[in-house]
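Student: Fold the following, please.
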Amino acid sequence: MYPRVSQGRRVLGITIDWLAAYAITLGFFAGGGDFLERSRGIGGTVLLVMALQYLILVSLGGSSFGHRLVGLKVVRFSDGGAATPLQALIRTLLMVIIVTAITFDENGRGINERLSNTVLVKR
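Tutor: From the prediction side, this is the model:
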């Protein structure tokens, strides 16, 4: 139905998203001091920032920052149209639970994609 997106591209996209969220968190929420002092205890904030940026960008533009850089986008599985905000929310919430994003079926879709009726495709 849809061509498979390689796991390498998926991992690279999510890694870029994570690094962007980490940079945003360090820049705006980490306080002062040296890098080590600023990095302590921000894990939850990084996860929240990542989830929010992912939700907003996928809802509005069909791809997160990392997806866009590696040439991917999120579409509805049923007809290839743009994902709805509800689908983006379901996908984001399930992505935060890492196990759902790394467990794949025979079509290469994760649980987060199946339950949100979305699929990640090449741009």
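Student: The chain: strands as residue ranges?
Tutor: 72-76, 118-122 (DSSP state E).
Student: remind me which residues of this structure are low pLDDT?
Tutor: By pLDDT under 70, the low-scoring segments of the chain are 99-102.
Student: Need the residue in it that's farthest from the chain's center.
Tutor: Of all residues in the chain, residue 33 has its C-alpha farthest from the mean position, at 29.8 Å, by CA atoms, centre = their mean.
Student: Adding distance to residue 14 and mean neighbour count as columns, could you present the strands of the chain in a markdown table?
Tutor: To be clear about C-beta, it is placed using only N, CA and C from the backbone, and glycine gets the same treatment. Converted to a markdown table, the strands of the chain look like this (distance: least, CB to CB, whole Å; neighbours: other CB atoms under 10 Å):
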| stretch | distance to residue 14 | mean neighbour count |
| --- | --- | --- |
| strand 72-76 | 10 | 20 |
| strand 118-122 | 10 | 20 |
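Student: As JSON lines, those strands with distance to residue 16 would be great.
Tutor: Shown next, in JSON lines, are those (distance: least, CB to CB, whole Å):
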{"stretch": "strand 72-76", "distance to residue 16": "11"}
{"stretch": "strand 118-122", "distance to residue 16": "14"}
